[in-house]
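Trainee: mind folding the following:
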Amino acid sequence: MEERKTILVVDDDVMNRMIICSIFDADHDVIEAGNGQEALERIRSINRRISAILLDYMMPEMDGLELLRILRMSHLVQDCPVFLITAEANSEVTRQAYELGVMDVISKPVVPFIVRRRIESVIELFENRKRLELTVNEQAERLLSQSERIIRLNYGMIEALTTAIEFRSGESGAHVRRIHDITLYMLENTILGDGFTGEEKTQIALASIMHDVGKIAVSDTILNKPGRLTEQEFEIMKTHTTEGARLLSQIPQLRELDAFKYAYDIALHHHERWDGGGYPEHLAGDEISVCAQIVSLADVYDALQSRRCYKEAYSNDRALEMIVTGQCGVFNPVLLEEFMRVEKALRPLVAGGGDE
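Mentor: Got it, this is the predicted structure:
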């Protein structure tokens, strides 16, 4: 059964209130107030939604226009149509009433069936609008929920793919998660993150886990070779950068993600070096994006302290020495300075937990 709507009638004349109440009380719950102040008290105390306010203009203590001003400023009544029903409906009163948000100005004496039709039509319009807003909000929430599930699924697929590649090269899969955490920390706690929004930093960190995705195109004999690679084998290994970028660009669902542009750049350029001595494009200096530079250093920092098929894990001190002295390639001096400033905070994130 449909809930009865509540109408508030505000008029200092008892007879006028009785007339108006008689128009609506058969189908509505009608509450009364003798002036604006009393109406405010009723509005504040009532524990249900008011569907319409029928308001006189001339009243003691607080007139109709003053009540309208208070209602408008205090937002006490939301989405509730207000009607001014008055014998003082001159042009100035009417102008002020409409400026303050009344839906209609009705002159006294009232004609019952006209008043009922005009007011109920507006109430129904507001109710329909309210139902439409609720429907739209519910649909928006469902779409947002679906979108979030799709995003989580995409992220899960990305993590599964990168973890599978790590397993191929004898890793536990934790390497990519550590790169993510180190990259995000560097972006959030050094000047290298200046100019990026919080969302962009999140997307770059997500993209970092795909840095070695191109290794899927490298044979297991090269990936898991226990000794030093031959020159020819190293040339094949280097192709994981271009193969990674090519693979990422061929996944339509990935291209739709905000992280794609960062993922493509990082996969292609995370082995470039500041002096131009990296690969595959021999970029130098600021030709290398900040995000690719950060991931490059994070990758080296964690890899040095991780056990691999071709080496044992280095201590933290030894890893830092190799990075600073350029044994792993030349890095941006500002990047190195910022890295060393926060390096102690990064130690718990790496493979050995900073153990020496």
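
Trainee: over to Asp29: give its phi and psi.
Mentor: Backbone torsions for Asp29, taken as degrees, to the nearest 10, come to phi -90, psi 120.

Trainee: Phe196 versus Asp286, what's the distance?
Mentor: Asp286 is 16 Å from Phe196, where distance means C-beta to C-beta, to the nearest Å. Just so you know, the C-beta spots here come from the backbone N, C-alpha and C atoms, and that holds for glycine as well.

Trainee: compare those two (neighbour count), which wins?
Mentor: Phe196 (16 against 10; other C-beta atoms under 10 Å).

Trainee: just the helices in the stretch 251-356 of the chain please.
Mentor: 252-255, 260-269, 290-304, 316-324, 333-346 (DSSP state H, counting those that start in this stretch).

Trainee: least reliable of these going by mean pLDDT?
Mentor: The stretch with the lowest average pLDDT out of the helices of the stretch 251-356 of the chain is helix 252-255, scoring a mean of 76.

Trainee: keeping just the C-alphas, turn stretch 105-112 into CSV.
Mentor: In CSV, the C-alpha atoms belonging to stretch 105-112 read as follows (Å, rounded to 0.1, in the frame of the first residue of the first chain):
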residue,chain,number,x,y,z
VAL,A,105,1.8,31.5,-6.0
ILE,A,106,-1.9,30.9,-5.4
SER,A,107,-4.3,33.8,-4.6
LYS,A,108,-6.9,33.6,-1.9
PRO,A,109,-9.7,32.9,-1.7
VAL,A,110,-8.8,29.5,-3.1
VAL,A,111,-10.8,27.3,-5.4
PRO,A,112,-10.5,23.8,-3.9
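
Trainee: quick one: low-confidence ranges for the protein?
Mentor: 1-2, 76-78, 89, 140, 143-173, 309, 351-356 (pLDDT under 70).

Trainee: kindly recompute the last result at 50.
Mentor: By pLDDT under 50, the weakly predicted segments of the chain are 172, 354-356.

Trainee: so for it, the centremost residue is which one?
Mentor: Taking C-alpha atoms, centre = their mean, the centroid of the chain lies closest to Glu199, which sits 7.8 Å from it.

Trainee: gap between the spatially closest residue to it that is not a sequence neighbour and Leu248?
Mentor: Distances taken as C-beta to C-beta, 6 or more residues apart in numbering place Asp258 nearest to Glu199, at 7.5 Å, with adjacent residues excluded. Look at Asp258 and Leu248: by C-beta to C-beta, they are 14 Å apart.

Trainee: look at the two and report which has more neighbours.
Mentor: Applying other C-beta under 10 Å to Asp258 and Leu248 shows that Leu248 carries more neighbours, namely 23 against 15.

Trainee: does that one really touch Ala263, like I thought?
Mentor: Yes. Look at Leu248 against Ala263 with C-beta atoms under 8 Å: they come within range, at 5.5 Å.
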